[in-house]
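Visitor: Quick one: sequence and predicted model below, then my questions.
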Amino acid sequence: MRMRALRLFADGVAAALLAAIFIAFILQIVLRYAFDWPVGWTAEISLVAWLWLVLWGAAFVLRDEDEIRLDLLDVVAAPRIRRIARAIGSIAIVVLFGLALPATWDYVTFMKVESTSYLKIRFDWLFSIYLAFAVAVIVRHLWQIVALVRGPIADPIDPPST
């Protein structure tokens, strides 16, 4: 039940971000063409919400089976090779994101000196979603490594139809 509530919350945040993009877009059109009042802050809202929507969605909404993958070799490989290859891939992702995390933290915290043009949103707040994304990717792939080590032999991601 708790995971379901977290998933609903994550979906709700993504929906709110999408709604913000849509409302800002419509408002920008109305202000520009109905009132001849071009404004930049609506575009800024759209860009910020889009950045957050993409990274929030990838971190907390997207499920493993929803990801796009190139599975040409996965389909033809034997189950044991498939499991090893997936584990190696996940280990590589954990290592690479883990190595990048300190530099990412430094960059995001450094960006407090800059802000957006219209709304004056500090860039450290704006880019903080990337830190959440990076940590979520690491946790997701650690979980996948554990599942590959403990679980049954991995089936193809998208088995070929016969």
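Guide: Yep, that arrived.

Visitor: alpha carbons only for contacts and neighbour counts from here, please
Guide: Fine.

Visitor: R83 sits in which helix or strand?
Guide: Assigned by DSSP states H and E, R83 belongs to helix 79-110.

Visitor: centroid residue for the chain?
Guide: A58 (2.4 Å; Cα atoms, centre = their mean).

Visitor: With adjacent residues omitted, what lies nearest to that one?
Guide: Leaving aside its sequence neighbours, A58 sits nearest to F133 (Cα to Cα, 6 or more residues apart in numbering; 7.2 Å).

Visitor: what number of residues lie near the one you found?
Guide: Other residues near F133 number 19, with proximity taken as other Cα atoms under 10 Å.

Visitor: One more: the one 10 residues further on?
Guide: Look at W143: counted by other Cα under 10 Å, it has 12 neighbours.

Visitor: Just the pLDDT for it.
Guide: With respect to pLDDT, W143 has a value of 93.

Visitor: and the gap between it and G151?
Guide: Between W143 and G151 the computed distance is 11 Å (Cα to Cα, to the nearest Å).

Visitor: And for H141?
Guide: To G151, H141 is 14 Å away according to Cα to Cα.

Visitor: quick one, which of these two is more surrounded?
Guide: Neighbours were counted for H141 and for G151 using other Cα under 10 Å; H141 has more, 21 against 11.

Visitor: pretty sure the more buried one contacts I93?
Guide: Yes: using Cα atoms under 8 Å, H141 is in contact with I93, at 7.2 Å.

Visitor: quick revisit: buried sites along whichever strand or helix holds the residue nearest to A58?
Guide: F133 belongs to helix 123-150 when assigned by DSSP H and E. Using 16 or more other Cα atoms under 10 Å as the test for burial, helix 123-150 gives 123-124, 126-131, 133-138, 140-142, 144-145, 148.

Visitor: chain center to stretch 66-81, what's the gap?
Guide: Computed by Cα atoms, centre = their mean, to the nearest Å, the chain-centroid distance of stretch 66-81 equals 22 Å.
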